[in-house]
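A.B. asks: Got a sequence here, can you build the structure:
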Amino acid sequence: MEKADQIIGIRIPKSIGQRLDTLAKRTGRTKTFYIREAILEHLDDLEDIYFAEKVLERVRSGEEPISSLDEVEHRLGLED
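C.D. replies: Residues are numbered from 1 along each chain as shown. From the prediction side, this is the model:
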């Protein structure tokens, strides 16, 4: 069971607020609805980018092992 929603306050540029106001008025939905939708839509992408950057740092520093495609194919028994 998911816990209750959290309330988070954010500051956004006036122009974004105006765009949200317009969208909400034209569609009959709330600004909160669209803010939540935008976060849910993009949070996975933001997490992927952040974690990929961390892995890249480890690869560059030699902390993360890397394998060639040939090595991976061999390990998985996928050679021709």
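A.B. asks: which helices and strands does the host helix or strand of His42 pack with?
C.D. replies: Per DSSP states H and E: His42 is located in helix 31-60. Counting contacts by 3 or more Cβ pairs under 8 Å, 6 or more residues apart in numbering; DSSP states H and E, helix 31-60 is packed against helix 14-27. Every C-beta, even on glycine, is put in place using the N, C-alpha and C of the backbone.
A.B. asks: what comes up buried for the helix it packs on?
C.D. replies: If you call a residue buried by 16 or more other Cβ atoms under 10 Å, then helix 14-27 has these buried ones: Leu20, Ala24.
A.B. asks: hmm, who's touching it?
C.D. replies: Here helix 14-27 makes contact (Cβ atoms under 8 Å, 6 or more residues apart in numbering) with Ile12, Arg29, Thr30, Lys31, Phe33, Tyr34, Ile35.
A.B. asks: out of those residues, which are buried?
C.D. replies: Buried among those (16+ other Cβ under 10 Å): Ile35.
A.B. asks: out of the contacts of helix 14-27, what pair is the most spread apart?
C.D. replies: For those, the farthest-apart pair by Cβ to Cβ is Ile12 and Arg29; their separation is 17.1 Å.
A.B. asks: quick revisit: from the chain's centroid, how far away is the helix holding His42?
C.D. replies: A distance of 2 Å separates the centroid of the chain from that of helix 31-60, by Cα atoms, centre = their mean, to the nearest Å.
A.B. asks: what residues are up against Arg58?
C.D. replies: Counting by Cβ under 8 Å, 6+ apart, Arg58 has contacts Glu64.
A.B. asks: Ok, Glu79 next?
C.D. replies: Going by Cβ under 8 Å, 6+ apart, the list of residues near Glu79 reads Glu73.
A.B. asks: what about it, helix or strand, and which?
C.D. replies: Counting by DSSP H and E, Glu79 is found in no helix or strand.
A.B. asks: Lovely, talk soon.
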